[in-house]
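Visitor: my questions are about this predicted structure, shown below with the sequence.
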Amino acid sequence: MNAHTDLIDRYFDAWNETDAVRRRELIAATWTADADYRDPLLAGAGHDGIDAMIRAVHERFPHHTFHRTTEVDGFANRLRFSWALTTPAGEAIVKGSDFGVLDAHGRLQAVTGFLDQIPAAT
């Protein structure tokens, strides 16, 4: 694995972590203090904002997990990857692609997420 893949796997570890203390440790190791996350449904700024955003996803989708579905593609301080949010039974209910910007130390400074597949409204 390369440094970008390690970073993004840790990013997903943070998204999947339900223990608040461990999640905060993962966020601090993965994101810059002034980090920013944006997608069409969520936003979080700084470690507190990102933690609150992840906690809200856990409340809305208990026992669901995020998985990387592609290799991490990167150059310079930019990277991209795709993912799926899966139910406890393993069914992908949301799929997306994220684009990240890294700081000089290799931590995420910004992530912009795009939703590639979402459940149909009923």
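Guide: Arrived safely, thanks for sending. Numbering: from 1, shown residues only.
Visitor: next SSE after the helix or strand of the chain with the lowest mean pLDDT?
Guide: Averaged element by element with mean pLDDT, DSSP states H and E, the chain has its least confident helix or strand at strand 73-75 (a mean of 93). Later in the chain than strand 73-75, the nearest helix or strand by DSSP states H and E is strand 78-86.
Visitor: ok but residue 4 is inside a helix, no?
Guide: Yes: assigned with DSSP: H, G, I helix; E, B strand; the rest coil, residue 4 falls within a helix.
Visitor: which strand or helix spans residue 24?
Guide: helix 20-30.
Visitor: tell me the strands beside the least confident helix or strand of the chain, with direction?
Guide: Counting by DSSP bridges, the strands paired with strand 73-75 are strand 78-86 (antiparallel).
Visitor: in the partner strand, what counts as buried?
Guide: Across strand 78-86, burial judged by 16 or more other C-beta atoms under 10 Å covers 79, 80, 81, 82, 83, 84, 85, 86. Every residue, glycine included, has its C-beta placed from N, CA and C.
Visitor: so the last one sits right up against residue 67, yeah?
Guide: This points to residue 86. Yes: between residue 86 and residue 67 there is a contact at 6.2 Å, judged by C-beta atoms under 8 Å.
Visitor: sorry, back to before: pull out the buried positions in the helix holding residue 24.
Guide: For helix 20-30, by 16+ other C-beta under 10 Å, it's 23, 24, 26, 27, 30.
Visitor: wait, which of these is closest to residue 14?
Guide: The nearest member of the buried residues of helix 20-30 to residue 14, counting by C-beta to C-beta, is residue 26 at 3.8 Å.
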